[in-house]
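>>> next input, structure requested:
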Amino acid sequence: MIVDSHEHLIFPVEEQIKRLDKAGVDKVILFTTTPHPENADTLEKFKREMSVLFKILAGENTLEANMERMKRDISDLMSVLKKYPEKFYGFGPVPLGLSLKDTGLWIEKHIISNGLKGLGEFTPGNDCQISQLETVFEALEKSGHILPVWVHTFNPVALDGIKILEKLTEKYTEIPVIFGHMGGYNWIEVIDFVKNIRNAYLDLSAAFSTLAVKIAVNEVPEKCFYSSDAPYGDPFLSRKMIEYLSPSEEVENMILGENILKLLREK
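Next up, the predicted model:
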């Protein structure tokens, strides 16, 4: 089974499914979204869509506003998962900055009760927000729900932030942590870390270069996940990159689906 392990909800979802069929993708892990850059056909329209995301990353929204936005986004996600369960799994967002108790309640109500497979995408805008992930890790550990946590580790996350996340990954050894976009400019650091830490994994979307992907699939093939980050990337092109760079058919199959299905206990 070919599984794109990271796409955002695209409207209309029927168009998203057409793209997946063209790419030969059987199933997708679908993440919520606030901006919809797929609707933009000019630079100005794209900038308007992305300004919403940039405000979130800059921490300009209140915690209450973020919570309401996430509830709406999860509602949109669940409507798609219920309509097309054969095509999608789902990961759901969790607000940063809540107390340990409230974080646990959010996870139970919005993640577990909805049957979502993991938490994320977390898009921390600064090192303080990355440190706040510890509350999420602790809440998961206390609840006994050991779900993957997907964290954006490209810009604006820098090396100091990545090292904070690495320490949390080492501390909470039972929680799988997916380093989204391979750490961006810091891909060498992240590959080296993932190679030595059992519960750390690599998302290969939006990679800094194809050289980074080539080294990742050779060094830690059992830790790599094929993903496109659509609509920011394309599932067909991302799949072809994995097929081209994989050193063997066995590694190719692992990265294109077997690894993520094993992590989700679907294999």
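>>> following element in sequence after the lowest-mean-pLDDT helix or strand in the chain, please.
Least confident helix or strand of the chain, by mean pLDDT, DSSP states H and E, is helix 43-57 with a mean of 77. Later in the chain than helix 43-57, the nearest helix or strand by DSSP states H and E is helix 63-83.
>>> run the chain-centre distance for that following helix.
Counting by C-alpha atoms, centre = their mean, to the nearest Å, helix 63-83 is centred 16 Å from the centre of its parent chain.
>>> tell me what the next helix or strand after it is packed against?
Later in the chain than helix 63-83, the nearest helix or strand by DSSP H and E is strand 88-92. Packing contacts for strand 88-92, counted by 3 or more C-beta pairs under 8 Å, 6 or more residues apart in numbering; DSSP states H and E, involve strand 27-31, helix 63-83, strand 118-122. Just so you know, the C-beta spots here come from the backbone N, C-alpha and C atoms, and that holds for glycine as well.
>>> now these in TSV, with mean neighbour count and distance to I2?
Below are the helices and strands packed on strand 88-92 laid out as TSV (neighbours: other C-beta atoms under 10 Å; distance: least, C-beta to C-beta, whole Å):
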stretch	mean neighbour count	distance to I2
strand 27-31	24	8
helix 63-83	15	19
strand 118-122	23	19
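>>> between the ones you listed, which gets nearest to G183?
When the helices and strands packed on strand 88-92 are compared by C-beta to C-beta, strand 118-122 sits nearest G183, at 14.3 Å.
>>> helices and strands around that closest one, which ones?
strand 27-31, strand 88-92, helix 133-143, strand 149-152, strand 177-180.
>>> buried stuff in the next helix-or-strand element following that strand?
Where DSSP H and E defines the elements, the next helix or strand beyond strand 118-122 is helix 127-131. Neighbour-count burial for helix 127-131, counted by 16 or more other C-beta atoms under 10 Å, picks out 127, 129-131.
>>> what's the closest of the residues you listed to E243?
E243 lies nearest to I130 out of the buried residues of helix 127-131, by C-beta to C-beta, at 33.5 Å.
>>> how far away is P221 from I10?
Distance from P221 to I10, counting by C-beta to C-beta, to the nearest Å: 29 Å.
>>> got it, and G120?
According to C-beta to C-beta, G120 stands 17 Å off from I10.
>>> returning to what we had before: which stretch among the helices and strands packed on strand 88-92 comes nearest R239?
Between R239 and these, the shortest gap by C-beta to C-beta is with strand 27-31, which sits at 11.9 Å.
>>> I162 is in contact with N186, correct?
Yes - between N186 and I162 there is a contact at 5.5 Å, judged by C-beta atoms under 8 Å.
>>> between these two, which one's more packed in?
Legend: neighbour count by other C-beta atoms under 10 Å for N186 and I162, higher for I162 (23 against 20).
>>> quick one: what helix or strand has that one in it?
helix 159-171.
>>> pull the residues that contact that helix.
Applying C-beta atoms under 8 Å, 6 or more residues apart in numbering, the contact partners of helix 159-171 are 124, 126-127, 130-131, 133-134, 137, 151, 153, 175, 177, 179, 183, 186, 189-190, 193, 197, 199-200.
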